[in-house]
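Visitor: Starting from these lines, generate the structure:
(chains A and B)
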Amino acid sequence: MKSWIAFWNILVKDMRNYYLKPPNISWGLVFPVAWTLMFFLKSQTAVNVRELLPGVMSLSILFGTTSMLAVTMTFERRSRSFERLLLAPLDLNLLMLAKTSGAILFGLVNAFVPVLFALFLTNLSDILWLPVLGAVFLIAFTSTLLGLFIAVSVKEIFEAQTFSNFFRFPMIFLCGLFIPVQALPLFLRPLSYILPLTYGADILKHSINHDGQLGLLTNFGVLAAFGIVLFALSMRNVKRKWIY
Amino acid sequence: MDILEVDQLTKKYGDLTAVDQISFSVPEGEIFGFLGPNGAGKTTTINLLTGLARATSGSARISGFDCARDIKRAQQIMGIVPDESNLYEEFDGFENLSFCAALYGMQKDEREKKAKELLQQFGLAETGKKPFRTYSRGMKRKLTIAAGIIHDPKILFLDEPTTGIDVASARQIRQLIQTLNQRGTTIFLTTHYIEEAERLCNRIAFIVGGKIARIGHLEELMREVQQENVVQLAFADGVSNLKPSLQENFPDVVVEVPGNQLIRLRSSSPLNLTPLMRFFEQKNLSVYEARIMRPSLEEVFVRITGIELEKMKQEKEGKAKQ
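Guide: Next up, the predicted model:
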């Protein structure tokens, strides 16, 4: 019970101090709109909003969560306020879950902004919402852990931003959102299959447009395994690098 | 009973040994001073004891809880005030204290009550609703100390609590430390202000190059470097012309006249004051004060560590202003 009081207060603190700040709220709104507009300009025919939805949702989560957690953690490490959390009698796993929960929630909200817009433009009645929700959560979880991995590896906030892009941009082109994995050159395909976003995007394609390549169960299984492995690796990194 | 037991604690960073086989214990209710120059290993020791660093070898226990294996239980009973205020700039004083209490699992009503009490006690009630970033350095230190004790810790680690703050705030903080100690909290204090350690601490350890150079009660440390006995006598009348006759009558004593009405006597053996008093009586001189002169802790520190204090202070204060 005592631990959960600490967990809840860390989450509320992060939401108030970082995620619910006006610049971040506007980022959450502007970003999906910008992506949709980009696809619209790129398209030579009429845009099918529903076809765009898995891509825009995935990228909104990826860009929202990775940079936010990496930046906020680096900021707290620099101001030494993160030490206060490490010194609290709170299990380190629970502490890191509390820190990542804010970013995961931010990712979840970001993911559904394009869905809200799409509601006014197209029919979304036959979407499989449960797998969508599961995929959004798991994409947010794995992307957040990627942000944590970045936060552990850098010291300055600008490094966190740069390092985030180093991972994110290759992921956009390799995860099957723009170019189907089967259409990628043979030597790039293994890379595609070691990215969690590939499986998340595939679930969204399945659930929204009914055209995924891998089975839903396979996708969920691999994505959940990615989440567990990434969390374990992140915790190992945190213990090694932050508790000197 | 010892609340803190440190045994052969060592911390190495590659080839550098930051803390080198230190051993000491701190009884409950003591104010223990940990003194040393920059880079001596003070903060590394605190990090090892509080769970921010892992020891290469050796062990430490707080109230019986191992600082490596059982650190989360040890953290429940310790409070930590780091050398730099690390509260949340966006939060006001009240929110900062409430948040810190929540980290220790305190319920909402309890933590809000405690936060209000502490703001009152630390003279911050009026600024309690202002963001932390608007606080002066002294106010920030006070709030950071308040955050360190909100869960009523048994032992409080204070890392350089008065560095870089104004004289009045530093004085208030020293009073707060004494009050906390009187209420039963054990204090582990690192400072580079020797006079602060002298005024507050029951026992002191000097750490140099990661090793404990000396440890003991104030009296013990002073006695160790006290190579001669010095007594200073104050007179109602001028005594500046008395030196030759006094020296002639007491050849084993070195006589100094530091002022017109003062005589200082130095001897390698304890001074017998009776013949001296008789001598002054014969000269119709009234002695109205006799004071045993002891070396200051500053002298003790310089003699033991070989480090000039002024240089150490300048380094620290320069760092604090950055």
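
Visitor: Who are the contact partners of B:Arg266?
Guide: Contacts for B:Arg266 (C-beta atoms under 8 Å, 6 or more residues apart in numbering or on different chains) come out as B:228-230, B:253-254, B:256. To be clear about C-beta, it is placed using only N, CA and C from the backbone, and glycine gets the same treatment.

Visitor: Could you export stretch A:55-66 as PDB, keeping only the C-alpha atoms?
Guide: Provided in PDB are the C-alpha atoms of stretch A:55-66 (Å, rounded to 0.1, in the frame of the first residue of the first chain):
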ATOM      1  CA  GLY A  55       0.800   4.600 -39.500                       C
ATOM      2  CA  VAL A  56      -0.200   7.900 -37.900                       C
ATOM      3  CA  MET A  57      -1.200   6.300 -34.600                       C
ATOM      4  CA  SER A  58       2.100   4.300 -34.500                       C
ATOM      5  CA  LEU A  59       4.300   7.300 -35.200                       C
ATOM      6  CA  SER A  60       2.400   9.600 -32.800                       C
ATOM      7  CA  ILE A  61       3.100   7.100 -30.000                       C
ATOM      8  CA  LEU A  62       6.700   6.500 -31.100                       C
ATOM      9  CA  PHE A  63       7.600  10.200 -31.300                       C
ATOM     10  CA  GLY A  64       5.600  11.100 -28.200                       C
ATOM     11  CA  THR A  65       6.900   8.500 -25.800                       C
ATOM     12  CA  THR A  66      10.600   8.100 -26.700                       C
END
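
Visitor: Now it: average pLDDT?
Guide: In this model, stretch A:55-66 has a mean pLDDT of 86.

Visitor: Figure out how far that stretch is from the centre of its chain.
Guide: 6 Å (C-alpha atoms, centre = their mean, to the nearest Å).

Visitor: same check, this time on stretch B:90-110
Guide: 29 Å.

Visitor: what mean pLDDT does it have?
Guide: 94.

Visitor: Buried residues, it. List them.
Guide: B:91-106 (16 or more other C-beta atoms under 10 Å in any protein chain shown).

Visitor: Give me every residue in chain A lying close to chain B.
Guide: A:1-3, A:5-6, A:8-10, A:13, A:16-17, A:79-81, A:83-91, A:243-244 (C-beta under 8 Å from any C-beta of the partner chain).

Visitor: Just the buried ones from these?
Guide: In those, burial by neighbour count holds for A:3, A:5-6, A:9-10, A:13, A:17, A:79, A:81, A:83-90, counting by 16+ other C-beta under 10 Å.

Visitor: Any chance of the contacts of B:Arg266 in TSV with neighbour count as columns?
Guide: Below are the contacts of B:Arg266 laid out as TSV (neighbours: other C-beta atoms under 10 Å in any protein chain shown):
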residue	neighbour count
B:Glu228	12
B:Asn229	16
B:Val230	17
B:Val253	18
B:Val254	14
B:Glu256	12
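
Visitor: any idea how far B:Leu97 lies from A:Arg84?
Guide: 12 Å (C-beta to C-beta, to the nearest Å).

Visitor: Give me the common contacts of the two.
Guide: B:Ala147.

Visitor: Can you list the residue ranges for strands in chain A?
Guide: With DSSP state E, there are no strands along chain A.

Visitor: which residue packs closest to whichever residue of chain A sits closest to chain B, ignoring adjacent ones?
Guide: Chain B sits closest to A:Lys2 of chain A, with a gap of 2.6 Å, by C-beta to the nearest C-beta. Nearest non-adjacent residue to A:Lys2, counting by C-beta to C-beta, 6 or more residues apart in numbering or on different chains: B:Gly105, 2.6 Å away.

Visitor: Wait, the one you found touches A:Phe7, no?
Guide: No - B:Gly105 lies out of contact with A:Phe7 (C-beta atoms under 8 Å); the separation is 9.9 Å.

Visitor: Return the residues of chain B in contact with chain A.
Guide: B:13, B:47, B:50-54, B:72-73, B:75-76, B:80, B:82, B:84, B:86-91, B:99-100, B:102-107, B:147.

Visitor: Keep only those of those that are in strands.
Guide: B:13, B:80.

Visitor: you'd agree B:Lys129 is up against B:Asp92?
Guide: Yes - counting by C-beta under 8 Å, B:Asp92 is a contact partner of B:Lys129 at 5.1 Å.

Visitor: for B:Ser169, what are its contacts?
Guide: Counted by C-beta under 8 Å, 6+ apart, B:Ser169 has contacts B:136-139, B:141-142, B:162.

Visitor: cutoff 10 Å now
Guide: B:123, B:136-142, B:162 (C-beta atoms under 10 Å, 6 or more residues apart in numbering or on different chains).

Visitor: And it, what's its pLDDT?
Guide: For B:Ser169, pLDDT reads 85.

Visitor: what's the closest non-adjacent residue to A:Tyr193?
Guide: A:Val181 (7.5 Å).

Visitor: since we're on the one you found, how many residues are nearby?
Guide: Applying other C-beta atoms under 10 Å in any protein chain shown, we find 20 residues neighbouring A:Val181.

Visitor: Just the pLDDT at it, thanks.
Guide: On the pLDDT scale, A:Val181 gets 85.

Visitor: Pretty sure it sits against A:Leu197.
Guide: No - if you go by C-beta atoms under 10 Å, A:Val181 and A:Leu197 don't touch, sitting 11.3 Å apart.

Visitor: Ramachandran coordinates for the residue of the stretch 51-200 of chain B found nearest chain A?
Guide: Going by C-beta to the nearest C-beta, chain A is nearest to B:Gly105 of the stretch 51-200 of chain B, at 2.6 Å. Here is the backbone geometry of B:Gly105 (degrees, to the nearest 10): phi 80, psi 20.

Visitor: Same question for B:Asp159.
Guide: phi -100, psi 110.

Visitor: which residues does it bridge with?
Guide: B:Thr190 (DSSP bridges).

Visitor: Look up how far A:Tyr244 lies from B:Ala20.
Guide: If you look again at residue B:20, you'll see it is Asp, not Ala. Relative to A:Tyr244, and taking C-beta to C-beta, B:Asp20 is found at 16 Å.

Visitor: With adjacent residues omitted, what lies nearest to B:Arg73?
Guide: Per C-beta to C-beta, 6+ apart, closest to B:Arg73 is B:Phe65, 4.6 Å.

Visitor: Is A:Arg50 in contact with A:Leu119, as I believe?
Guide: No - A:Arg50 is not in contact with A:Leu119 according to C-beta under 10 Å; the separation is 11.1 Å.

Visitor: Those two: which is more packed in?
Guide: Taking other C-beta under 10 Å, A:Arg50 and A:Leu119 do not tie; A:Arg50 has more neighbours (16 against 12).

Visitor: Check A:Val47 and give its pLDDT.
Guide: At A:Val47, pLDDT is 66.

Visitor: Which parts of chain B are helices?
Guide: For chain B, helices defined by DSSP state H occupy the ranges B:42-50, B:71-76, B:93-103, B:108-121, B:137-149, B:167-182, B:194-200, B:218-225, B:243-249, B:273-282, B:297-305, B:309-321.

Visitor: other SSEs contacting the lengthiest helix in chain A?
Guide: Taking DSSP H as the criterion, chain A has its longest helix at helix A:49-78. Counting contacts by 3 or more C-beta pairs under 10 Å, 6 or more residues apart in numbering or on different chains; DSSP states H and E, helix A:49-78 is packed against helix A:2-14, helix A:22-42, helix A:81-86, helix A:92-119, helix A:129-153, helix A:157-174, helix A:196-204, helix A:216-242.

Visitor: How far off centre is that helix?
Guide: The answer for helix A:49-78 is 5 Å, by C-alpha atoms, centre = their mean.

Visitor: again with stretch A:164-178
Guide: 12 Å.

Visitor: Stretch B:61-81 too?
Guide: 22 Å.
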